[in-house]
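*Asks:* sequence plus predicted model, see below.
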Amino acid sequence: QVQLVESGGGLVQTGDSLRLSCAASGLTFSSYVMGWFRQAPGKEREFVAAIRRSGGNTDYADFVKGRFTISRDNAKNTVYLQMNNLNPEDTAVYYCAARLSTIIITGRSDYSYWGQGTQVTVSS
């Protein structure tokens, strides 16, 4: 079956960086748009970034533009989220998600598969 496994979360300080990884199995990875979402306590799960199948096109939420970078390695079935200049508002559980598509979609209901999430905590 399809599995998405996130890793790389942790506790960091304001201004620090983290790199999240999401390893996929059980699907033809290069056929899927991959996305990152996050959910803070008491809030809805929100879109963070997405990348097209070939990696040539990306999209970001406004609140991460210029700080976060999504990338993928289709040979390793892995998508990454490089997060720089973190601040306490970035504290959340970060989820990766997969959608069988040729175009980037930012709605969480449009993604078919989800990982279990990895916690990112940024202290001030």
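*Replies:* Done, it's in.
*Asks:* which residues touch the residue nearest in space to the middle of the chain?
*Replies:* In the chain, the residue lying closest to the centroid (CA atoms, centre = their mean) is residue 36, at 2.3 Å. Going by CB atoms under 8 Å, 6 or more residues apart in numbering, residue 36 touches 20, 22, 48, 49, 50, 70, 79, 81, 94, 95, 96, 97. Bear in mind the C-beta positions are built from the backbone N, C-alpha and C, glycine included.
*Asks:* now do residue 37
*Replies:* Contacts of residue 37 (CB under 8 Å, 6+ apart): 45, 46, 47, 48, 94, 95, 96, 97, 108, 111.
*Asks:* residue 1 touches residue 27, doesn't it?
*Replies:* No: the criterion here is CB atoms under 8 Å, and residue 1 misses it with residue 27 at 9.2 Å.
*Asks:* neighbour count for the two, which is higher?
*Replies:* Between residue 1 and residue 27, counted using other CB atoms under 10 Å, the more crowded position is residue 27 (17 against 6).
*Asks:* distance of that one from residue 119?
*Replies:* Per CB to CB, to the nearest Å, residue 27 is found 25 Å from residue 119.
*Asks:* least confident pick among the contacts of residue 37?
*Replies:* Least confident of the contacts of residue 37 in the model: residue 108, at 88.
*Asks:* tell me, how many residues neighbour it?
*Replies:* Residue 108 has 16 neighbours, counted by other CB under 10 Å.
*Asks:* contact partners for it?
*Replies:* So residue 108 contacts 37, 45, 46, 47, 97 (CB under 8 Å, 6+ apart).
*Asks:* now, those residues that are in strands?
*Replies:* 37, 46, 47, 97 (DSSP state E).
*Asks:* show me the two of those that sit farthest apart.
*Replies:* Largest separation among the ones in strands among the contacts of residue 108 by CB to CB: 46 and 97, giving 12.0 Å.
*Asks:* with neighbour numbers in mind, choose between the two.
*Replies:* With neighbours defined as other CB under 10 Å, residue 46 and residue 97 compare such that residue 97 has more, 23 against 14.
*Asks:* surely the more buried one touches residue 34?
*Replies:* Yes: counting by CB under 8 Å, residue 34 is a contact partner of residue 97 at 7.2 Å.
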